[in-house]
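Asker: below are the sequence and a predicted model for it; my questions follow.
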Amino acid sequence: MPIDPKPDHYHAKADFGSVYNQPDPRPYYRTLGMLGYEIPAHGARVFDRLLDEMGGREGKTVLDVCCGYSANAALLNYDVQLPELYEHYASLEDAADDAVTELDRRWFAARRRRDAVTMVGLDVADNAVRYATSVGLLDADVVADLEAAPPDEEAKKAFATADLVGVTGGIGYIGQKTFQAILAAADEPPWVAALSLRWVDFSPILETLDDLGLVTEHLEGYCVPQRRFAHEPEREAALASLHERGVDPALELQLGAHCAELYVSRPPDAARQRPISEVLGYLAAG
């Protein structure tokens, strides 16, 4: 059976709906920055290394799932680090609302890497996605809830271009239906890299990806913070879910944060050539 994209414990998770889909990203970065939101930086390192393993960035397309304002695109395609994004948007706090888009467009254009990949964004948050497209972070966008309805033809065409599908922290909000829709559109199966919070059960998605012909590997020893817990009910809910899943919550308790693990799904030939522990093991060791 498909997973509930918003399981019971998600009801206690902090709600960032008021900042996630604003006309520009300033409230989002201000709010998440106060909680030490860092998972896009970890995701960018993973995606960059996987692109190298696939033969390099040239001609590649990345589908950023649950992209929001697409911090992942900013970190992958621009000479920008995550702390600089926080500083940048803090510097725009007093800018006129109608000036922010143009300021952002110029700021990113001056930092774009010559080896930038094509970025496609998928999210339900229309304002966030369209903003990321308007400033050049996304080359194409899909605004859709694939847990609720199948993709239209334009969305399928966009998904078909993906070489790598990446998601940083959106697992639980999206489930099997989203991945089924993406992979069904592909002529050649893309690689999938998912950073999933440890208190969310990834196994139904893993089974779906395996059924679709990919080989999924869990990177042992890899666990990174997403962000600090926003309040005590959120912390208690995450710890309760970890307990239910039989996962040691030592890292969450130590860091006071949600922590994510990594699953990488690849076609069988690629998985046979080199296990993911060889490709990304240095990240676990670090």
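Answerer: Structure received.

Asker: okay, strands next: where are they in the chain?
Answerer: Along the chain, counting by DSSP state E, strands occupy 61-65, 118-123, 140-143, 164-168, 191-197, 215-218, 224-228, 257-266.

Asker: export these to TSV and tack on mean neighbour count and mean pLDDT?
Answerer: The C-beta positions use only the backbone N, C-alpha and C, and glycine is treated the same way. TSV is the format used below for the strands of the chain (neighbours: other CB atoms under 10 Å; pLDDT from 0 to 100):
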stretch	mean neighbour count	mean pLDDT
strand 61-65	26	98
strand 118-123	26	98
strand 140-143	20	98
strand 164-168	26	98
strand 191-197	24	98
strand 215-218	18	98
strand 224-228	21	96
strand 257-266	24	98
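
Asker: okay if I get these as a markdown table plus distance to A181?
Answerer: Below are these laid out as a markdown table (distance: least, CB to CB, whole Å):
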| stretch | distance to A181 |
| --- | --- |
| strand 61-65 | 11 |
| strand 118-123 | 10 |
| strand 140-143 | 10 |
| strand 164-168 | 11 |
| strand 191-197 | 13 |
| strand 215-218 | 18 |
| strand 224-228 | 25 |
| strand 257-266 | 15 |
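
Asker: where does the prediction get shaky in this structure?
Answerer: 1-15, 285-286 (pLDDT under 70).

Asker: ok, now which ones touch N127?
Answerer: By CB atoms under 8 Å, 6 or more residues apart in numbering, the contact set of N127 is 21-23.

Asker: out of these, the closest to A184 would be?
Answerer: N21 (27.1 Å; CB to CB).

Asker: now the closest residue to that closest one other than its chain neighbours: how far from Y173?
Answerer: Of all residues not flanking N21 in the chain, A125 sits nearest, at 4.0 Å (CB to CB, 6 or more residues apart in numbering). Counting by CB to CB, to the nearest Å, the separation of A125 from Y173 is 11 Å.

Asker: equivalent analysis for N72, please.
Answerer: 16 Å.

Asker: and those two? Which one has more around it.
Answerer: Neighbour tally, N72 and Y173, criterion other CB atoms under 10 Å: the higher count belongs to N72, 27 against 20.

Asker: was I right to think the more buried one contacts F47?
Answerer: Yes. Contact criterion CB atoms under 8 Å: N72 and F47 qualify, at 7.1 Å.

Asker: now for those two: what residues contact both?
Answerer: 62, 166.

Asker: wait, isn't Y89 in contact with P27?
Answerer: No. The pair Y89 and P27 fails to qualify as a contact (CB under 8 Å) at a distance of 9.1 Å.

Asker: pick out whichever of these two has more residues nearby.
Answerer: For Y89 versus P27, the count of surrounding residues by other CB under 10 Å is larger for Y89: 21 against 16.

Asker: how far away is that one from T31?
Answerer: Using CB to CB, one gets 11 Å for the distance from Y89 to T31.

Asker: could you pull out the helices for the stretch 51-200 of the chain?
Answerer: Ranges of helices within the stretch 51-200 of the chain are 71-77, 82-91, 97-109, 126-134, 153-160, 176-184, based on DSSP state H, counting those that start in this stretch.

Asker: show me what the first one is packed against.
Answerer: Just to be clear, that refers to helix 71-77. Contacts defined by 3 or more CB pairs under 8 Å, 6 or more residues apart in numbering; DSSP states H and E place helix 71-77 against helix 39-53, strand 61-65, helix 82-91, strand 118-123.

Asker: try 7 Å
Answerer: Counting contacts by 3 or more CB pairs under 7 Å, 6 or more residues apart in numbering; DSSP states H and E, helix 71-77 packs against helix 39-53, strand 61-65, helix 82-91.

Asker: so what touches the shortest one?
Answerer: Contacts of strand 61-65 with the rest of the structure, by CB atoms under 7 Å, 6 or more residues apart in numbering, involve 47, 70, 72-73, 76, 117-122, 159, 161-167, 170, 174, 178, 182.
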